[in-house]
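Colleague: Just the structure for this:
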Amino acid sequence: MEAMKYSPRSQLSAGMEKKRSYAKNQILAGPVNPGLFPPFLSISIPDHNLAITKDELTMADLYQEKAILESKNLKLEQEIFEKQQTLENLQLAIQSATGDYQAASASHLAAGLAHEIRNPLTTIKGFIQLLQPDLQAAGKQEFADVALDELNRANSLLTEFLSVLKPASSEKKKISVNKLAASMFKLFSSESILKDIEIDIEIPDEEVYVLADENAIKQVLINLLKNAIEAVEGNRRNKGSIKLVVNEDGGFIHVSVIDNGNGIDEYSLKKIFTPFYTTKTDGTGMGLVISKQIIENHGGEMTVTTQPFKTIFEFSLPAI
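Modeller: Predicted structure coming up:
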């Protein structure tokens, strides 16, 4: 006797077949209420089994729904991305505007404060000068000298600080960088001879020009060359050497001051353009800050690279 095998799908198919047969007979028998349909209406049903099963129909619906949801999800992700981009742009714009406003406010406040500090310093200096004869008679002249030196140093500090806040000079003109560099080389040649320091210059054969405030660029070069001289004075390994180099590249004039000093330590390198930071006992920490500000006010850039026994300060300005 052949064994029976239970198959839920077989039973489901048999049930579906009965329903199909019933539906077919009902349609062929005609409508229950013939008056609802025109007399000429005839329906022909092919005599074969339906090709799509219930399970297949359900899976097709699911795939269709899945495709629709994936399409909607893709559009939603795109909208979210666009909104995030818009939000980031707005945040950057707000930060930029806020930073500019705060910087301008801080500059005005600092400038006003510096002027207010200078007034009482001038008054104190005047009184000390009036008291100098009495202090000298009492054998206390050195106290007056120290006080006056410190007041002069404070005034000098304020002057340098104000020059950083001051906007770029509008008196710009076409200047020859070759001639400016050559004049700076001559200016420091005598000092380098006295201190037994080699100083050299390298400039292009053809004149190169920038649009700038000549006095301001001179101040930058003086600051850089003074720093280079101080750096090589402490070099006990080799004879002090400084080189001033001018060249043109990519539409910019590059001016470099190269020294063979001991180099700059990592901490100082990070702080070197910070106001009032200095490693010198008598320094104000404003020279490089002012120099960098001058170059940036002229649309240029200042950089520094260092290694043992070689440091390069370089600034670039747009060529004309």
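
Colleague: Give me the packing partners of the host helix or strand of residue 291, helices and strands only.
Modeller: Secondary structure assignment for residue 291, by DSSP states H and E: helix 287-297. Applying 3 or more CB pairs under 8 Å, 6 or more residues apart in numbering; DSSP states H and E, we find helix 287-297 packed against helix 141-165, helix 214-233, strand 301-307, strand 310-318. All C-beta atoms are positioned from the backbone trio N, CA, C, and that covers glycine.

Colleague: And the contacts of the last one?
Modeller: If you take CB atoms under 8 Å, 6 or more residues apart in numbering as the criterion, strand 310-318 is touched by 177, 210-212, 217, 220, 224, 227-228, 231, 251-261, 263-264, 291, 295, 298-306.

Colleague: List buried residues within the residues you listed.
Modeller: 177, 210, 212, 217, 220, 224, 227-228, 231, 252-261, 263-264, 291, 295, 298, 300, 302, 304, 306 (16 or more other CB atoms under 10 Å).

Colleague: Specify the beta-bridge partners of the nearest residue to residue 269 once chain neighbours are set aside.
Modeller: The shortest distance from residue 269 to any non-neighbouring residue, by CB to CB, 6 or more residues apart in numbering, is to residue 306 (6.2 Å). Residues in a beta bridge with residue 306, per DSSP bridges, are residue 311.

Colleague: Next, the contact list for residue 306, please.
Modeller: Per CB under 8 Å, 6+ apart, neighbours of residue 306: 263-264, 269, 312.

Colleague: before we move on, back to that, how about the helices and strands packed on helix 287-297, which one is nearest residue 64?
Modeller: strand 301-307 (60.3 Å; CB to CB).

Colleague: between that closest one and strand 310-318, how big is the angle?
Modeller: Between strand 301-307 and strand 310-318, the angle comes out at 170 degrees (axes from the mean of the first three to the mean of the last three CA atoms, to 10 degrees).

Colleague: Need the three-state assignment for the residue lying closest to residue 153 once chain neighbours are set aside.
Modeller: Spatial nearest neighbour of residue 153, excluding adjacent residues (CB to CB, 6+ apart): residue 284 at 7.9 Å. Put simply, residue 284 is coil when judged by DSSP: H, G, I helix; E, B strand; the rest coil.

Colleague: Wait, residue 284 touches residue 278, no?
Modeller: Yes. At 6.6 Å, residue 284 counts as touching residue 278 under the criterion of CB atoms under 8 Å.

Colleague: In the helix holding residue 291, which residues are buried?
Modeller: 287-295.

Colleague: now swap in stretch 136-146 and tell me
Modeller: residue 144.

Colleague: average pLDDT across it?
Modeller: Average pLDDT, stretch 136-146: 84.

Colleague: Compute the first-to-last residue distance for it.
Modeller: With CA to CA, to the nearest Å as the measure, stretch 136-146 spans 13 Å from end to end.

Colleague: List the contacts of it.
Modeller: 128, 131-132, 135.

Colleague: The same query, at a cut-off of 10 Å, please.
Modeller: Defining contact as CB atoms under 10 Å, 6 or more residues apart in numbering, one finds that stretch 136-146 is touched by 128-129, 131-135.

Colleague: quick revisit: biggest separation within the contacts of residue 306, which pair?
Modeller: 269 and 312 (12.2 Å).

Colleague: shared neighbours of the two, which are they?
Modeller: What both residue 269 and residue 312 touch, as defined by CB under 10 Å, 6+ apart, is the set 304-306.

Colleague: residues of stretch 115-134 that come out buried?
Modeller: Counting neighbours by 16+ other CB under 10 Å, stretch 115-134 gives 125, 128, 132 as buried.

Colleague: Report the angle between the one helix or strand the second one maps to and helix 141-165.
Modeller: When secondary structure is defined using DSSP H and E, the element that contains residue 128 is helix 54-137. Between the direction of helix 54-137 and that of helix 141-165, the angle (the same axes, to 10 degrees) works out to 150 degrees.

Colleague: ok so, going back, make CSV out of the contacts of stretch 136-146 and add distance to residue 86.
Modeller: Listed next are these as CSV, based on distance: CB to CB, whole Å:
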residue, distance to residue 86
128, 63
129, 64
131, 68
132, 69
133, 74
134, 73
135, 70
